[in-house]
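> fold the following and give me the result.
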Amino acid sequence: QSFSFVLTTGTGYSVVAGVGCNDCQGTSSYNANLSTTAKQLPDVQNMSLVGTNASGSLVEENCQLTQTNGSVWPYPNQTLIVANTSSDLFSPGISGVFGLGTNGRNGDFSATVYSGWLTRNPGKTNFTFGMMLNPPWNSGTDGGVLHWQSPDTASYEGNVVWKSMLNSNSTSLQTDWFITMDSLSFESGGNVNVSQSGELTTAVDPFESALIFPQAIAGAIYGGIADTSLLPSLTTATNKWAIPCDTKMSLTLTFGPLSVPMDETILVLQNGNSCIGIIEEWSDPQADEYYLLGSSFISQLYIIFSVSGSSQGGVGFAHRTSSPKKLSAGQVSGIVLGSVAFASLLVLILFLYYRHQR
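Predicted coordinates for the structure are as follows:
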């Protein structure tokens, strides 16, 4: 049985499609009867991410991550959701979610990949890994790299700017935690200038490819650009904008002293003969203070995640080195669940992009 995963920092639960799931889009399904290590748990768990959800029984499995050097990183007794119902979480090519969140929304830190490792290593106080993803619109199958348990200092330069993880209780963000972004500034053609500053509530999650802003900010951005139009919503969570393909624009996001500039090569996405903006807006007008930065943003930086509990952790941002070395042998390249092999994590972002454009 082979499975393809997407990454998310929005939940600490990992999810697979179950054999009895009628809403899982015909994806490869997990059959506990084919595993000698599965342990059925009595509980049922719901899991929600932006515009998607899944629900199913919980199992414990002995899992392992397979690294490119052929060695494995075992994490026994891992809690998994085996989905028997789902809304828009699965699609052809995607049959699972690898949870890198903290489960801060429900307090079940024990079900995360971090908890078991910290329990097995009582002398350690946090679990840390580096994320260096490629842009989600890449035509290849290389989604990037996770430097599991050991961020690669040769992959970034300058100081790392740290932001504390804060527990999220937002129904719009549907994430375990958020950080505060310090400012944003947008400019297009000299006629459109939009800025915000302060402690902007922000989630960072590769599950999304877009940058999702409040309606007032997205409306101010696109409202000043000629020939833009709001597209009919394909999801209940966000709205997209159609924009002229020759639009020039720049966006700068700041986290402390670190500035992240992006221009139209990132912010304008060609879709056949038309173009859409990578900046989307929440469909709920009440989500007027929340930002979500997806893989379009993540692919511009080297990001370090350090987790020590459901409400304890930090996110570090750094600029990538100008000439990064070849990917290290310690990168994560696959996962095995019990006796079930999973597809390479390096293709996840390509699958993720397909999910949002289908």
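> need the contact list for Asp182.
Ser197, Gly198, Glu199, Leu200, Thr254, Phe255, Gly256 (C-beta atoms under 8 Å, 6 or more residues apart in numbering). Just so you know, the C-beta spots here come from the backbone N, C-alpha and C atoms, and that holds for glycine as well.
> next, count neighbours for the second one.
Read it as Gly198. Counted with other C-beta atoms under 10 Å, the neighbours of Gly198 add up to 10.
> go on, the first one?
Neighbours of Ser197 under the rule other C-beta under 10 Å: 11.
> check the last one too.
In terms of burial, Gly256 registers 13 neighbours under the definition other C-beta under 10 Å.
> for it, which non-adjacent residue is spatially closest?
Distances taken as C-beta to C-beta, 6 or more residues apart in numbering place Val161 nearest to Gly256, at 4.5 Å, with adjacent residues excluded.
> secondary structure element for the one you found, which one?
Element membership for Val161 (DSSP states H and E) is strand 156-164.
> what pLDDT is listed against Cys24?
Looking at Cys24, its pLDDT stands at 85.
> over to Gly189?
88.
> need the nearest residue in space to it, chain neighbours excluded.
Closest residue in space to Gly189, ignoring its immediate chain neighbours: Lys248 at 6.1 Å, by C-beta to C-beta, 6+ apart.
> now do the one you found against Trp177, distance only.
To Trp177, Lys248 is 35 Å away according to C-beta to C-beta, to the nearest Å.
> ditto for Asn31
33 Å.
> ok so, going back, nearest to Ser229 among the contacts of Asp182?
Leu200 (26.7 Å; C-beta to C-beta).
> bridging residues for the closest one?
Applying DSSP bridges to Leu200 gives these bridge partners: Met181.
> correct me if wrong: it contacts Ile179.
No - with contact defined as C-beta atoms under 8 Å, Leu200 and Ile179 do not form a contacting pair (9.3 Å).
> the more surrounded of Lys248 and Trp177?
For Lys248 versus Trp177, the count of surrounding residues by other C-beta under 10 Å is larger for Trp177: 26 against 14.
> now do the contacts for the nearest residue in space to Leu166 that is not next to it in sequence.
Excluding the flanking residues, the one nearest Leu166 by C-beta to C-beta, 6+ apart is Phe178, at 5.6 Å. Contacts for Phe178 were tallied using C-beta under 8 Å, 6+ apart; they are Met165, Leu166, Ser168, Ser170, Thr201, Thr202, Ala203, Tyr290.
> isn't the first one up against Gly314?
Spelled out, that is Met165. Yes - with contacts counted by C-beta under 8 Å, Met165 reaches Gly314, the gap being 6.1 Å.
> the two: which is more packed in?
Legend: neighbour count by other C-beta under 10 Å for Met165 and Gly314, higher for Met165 (25 against 17).
> quick check: the more buried one vs Ser308, distance?
Taking C-beta to C-beta, one finds Met165 at 10 Å from Ser308.
> then Ser274?
Counting by C-beta to C-beta - Ser274 and Ser308 are separated by 46 Å.
> more neighbours: the two, which one.
Ser308 (18 against 12).
> excluding its backbone neighbours, what's nearest that one?
Closest to Ser308 by C-beta to C-beta, 6+ apart is Asn126, at 4.1 Å.
> in this structure the one you found contacts Gly313, no?
Yes - if you go by C-beta under 8 Å, Asn126 and Gly313 touch, sitting 7.2 Å apart.
> between the two, who's got more neighbours?
Taking other C-beta under 10 Å, Asn126 and Gly313 do not tie; Gly313 has more neighbours (23 against 14).
> quick one: the helix or strand containing the more buried one to strand 156-164, angle?
With elements taken from DSSP H and E, the one containing Gly313 is strand 312-320. Put simply, strand 312-320 runs at 150 degrees to strand 156-164, going by axes from the mean of the first three to the mean of the last three C-alpha atoms, to 10 degrees.
> who does strand 312-320 pair with, and is each partner parallel or antiparallel?
strand 156-164 (antiparallel), strand 302-309 (antiparallel).
> and those strands, which is most packed in?
strand 302-309 (a mean of 21; mean count of other C-beta atoms under 10 Å).
> and Leu184, what pLDDT?
Confidence score, pLDDT, at Leu184: 98.
> I'd say it and Thr254 touch.
Yes - using C-beta under 8 Å as the test, Leu184 is close enough to Thr254 to be in contact (7.5 Å).
> tell me the buried residues in the helix or strand containing Val6?
In this structure, Val6 sits in strand 5-8 according to DSSP H and E. Neighbour-count burial for strand 5-8 flags Phe5, Val6, Leu7, Thr8 (criterion: 16 or more other C-beta atoms under 10 Å).
> do the same with stretch 64-83
Those would be 64-68, 73, 75, 78-83, for stretch 64-83 by 16+ other C-beta under 10 Å.
> quick check, nearest of these to Leu267?
For those, the nearest to Leu267 is Thr68 (32.6 Å; C-beta to C-beta).
> one step back: distance to Asp108 and pLDDT added to the contacts of Phe178, as TSV?
Below are the contacts of Phe178 laid out as TSV (distance: C-beta to C-beta, whole Å; pLDDT from 0 to 100):
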residue	distance to Asp108	pLDDT
Met165	16	95
Leu166	18	93
Ser168	15	79
Ser170	18	69
Thr201	23	95
Thr202	24	96
Ala203	19	95
Tyr290	23	94
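> widest-spaced pair of those?
Met165 and Tyr290 (15.4 Å).
> could you pull out the helices for the stretch 251-358 of the chain?
In the stretch 251-358 of the chain, the helices defined using DSSP state H, counting those that start in this stretch lie at 264-267, 295-298, 348-357.
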